[in-house]
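J.: Have a look at this fold, sequence not included:
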């Protein structure tokens, strides 16, 4: 994860008085290894991470990565939330107000749609959503038919 992203989440969580701690020893969730056929590497990462999570008595993970969110929840069986879901629980405590427009893109593997918009709206932004943005998010975040998605995007962009 990029250092600025981590620092920004730490600042946001602290300003909202969210009780959290970070595990710098936690390894990659392994989604990329699993999805590319490296089952043994995935299982090794999972084994090491599960042991660390048990040792630290972690019951809930917050991440900003859609792949990690799904993998920790579905493959590890641990309660997992996207950072925007947690921040959205504190909309009434968001201190900064802004003006202006902001456009938003939904990562196809995130499966989170409302929370980022709620946060931006709460901060005072006018959210400009790409037409049919949510329609490009495939079921369960899987990029199952990239050619079809490319054709759909091409048709949409040419309109």
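T.: Perfect, I can see it now. Predicted model, so just to flag it, every value in this text is computed and none were measured.

J.: Could you use CA atoms for every contact and neighbour count after this?
T.: Fine.

J.: buried residues in stretch 69-81?
T.: For stretch 69-81, the neighbour count (16 or more other CA atoms under 10 Å) marks 69, 70, 71, 72, 73, 78, 80, 81 as buried.

J.: biggest separation within those, which pair?
T.: Spanning the widest gap among these are 71 and 81, at 11.2 Å by CA to CA.

J.: List just the nearest of the buried residues of stretch 69-81 to residue 59.
T.: Taking CA to CA as the measure, residue 59 lies nearest residue 78 of these, at 6.4 Å.

J.: Kindly provide the distance from that closest one to residue 120.
T.: Look at residue 78 and residue 120: by CA to CA, to the nearest Å, they are 28 Å apart.

J.: before we move on, back to that, need the buried residues of stretch 69-81 in CSV with pLDDT and distance to residue 37, can you?
T.: Formatted as CSV, the buried residues of stretch 69-81 follow (pLDDT from 0 to 100; distance: CA to CA, whole Å):
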residue, pLDDT, distance to residue 37
69, 91, 20
70, 91, 17
71, 93, 15
72, 94, 18
73, 93, 20
78, 94, 23
80, 94, 24
81, 93, 26
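
J.: Just the ones of the residues you listed in helices?
T.: Of these, the ones assigned to helices by DSSP state H are 69, 70, 71, 72, 73.

J.: Contacts for the lengthiest helix in the chain, please.
T.: Secondary structure of the chain per DSSP H: the longest helix is helix 39-55. The contact list for helix 39-55, computed with CA atoms under 8 Å, 6 or more residues apart in numbering, reads 25, 26, 27, 28, 29, 30, 31, 33, 34, 59, 76.
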